[in-house]
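Asks: build me a structure from this.
(one chain, ligands or ions: 1)
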Amino acid sequence: MYKHIDISFPKNLLQRIILKYMKASNYAGYASFWKTAYYRNSYYLSNPKVVKHETKHLEDIDRDGIIKYAIMYSYYQIKYGRHDNPYEVAARKAEDA
Ligand SMILES: [Zn+2]
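Replies: Here you go, the predicted structure:
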């Protein structure tokens, strides 16, 4: 249902932009609004915790819809910060599920 892609060697402009964003933000993975999670390299893609974390974000996006997710994620980032953002707390919990 979801795609998981290693973009250490980006195949197109979109992947190049996402990879740059992940490196600048120091993210191992990035859950997109189009049912695809991207990973900085094969190490992260082969790490079940990282994949579970990004899958949880993809499920949240499906459940809440893109607009609500984008608004609430941003709102929570401002209100609670990245570590305590409820979406991130739930994703970290999913890593050990
Ligand atoms: Zn996350």
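
Asks: when you work out contacts or count neighbours from here on, use the C-alpha atoms and nothing else.
Replies: Fine.

Asks: let me see the mean pLDDT of the longest helix along the chain.
Replies: Secondary structure assigned by DSSP state H gives helix 66-84 as the longest helix of the chain. The average of the pLDDT scores along helix 66-84 is 97.

Asks: packing partners for it?
Replies: Contact here means 3 or more Cα pairs under 8 Å, 6 or more residues apart in numbering; DSSP states H and E; on that basis helix 66-84 packs against helix 86-95.

Asks: buried residues of the helix it packs on, list them for me.
Replies: 86-88, 91-92, 94-95 (16 or more other Cα atoms under 10 Å).

Asks: re the thing from before, I'd like the distance from the longest helix of the chain to the chain centre, please.
Replies: How far helix 66-84 lies from its chain's middle: 13 Å, per Cα atoms, centre = their mean, to the nearest Å.

Asks: and it with helix 86-95, angle?
Replies: Using axes from the mean of the first three to the mean of the last three Cα atoms, to 10 degrees, the direction of helix 66-84 lies 70 degrees away from that of helix 86-95.

Asks: okay, now D6: neighbour count?
Replies: 19 (other Cα atoms under 10 Å).
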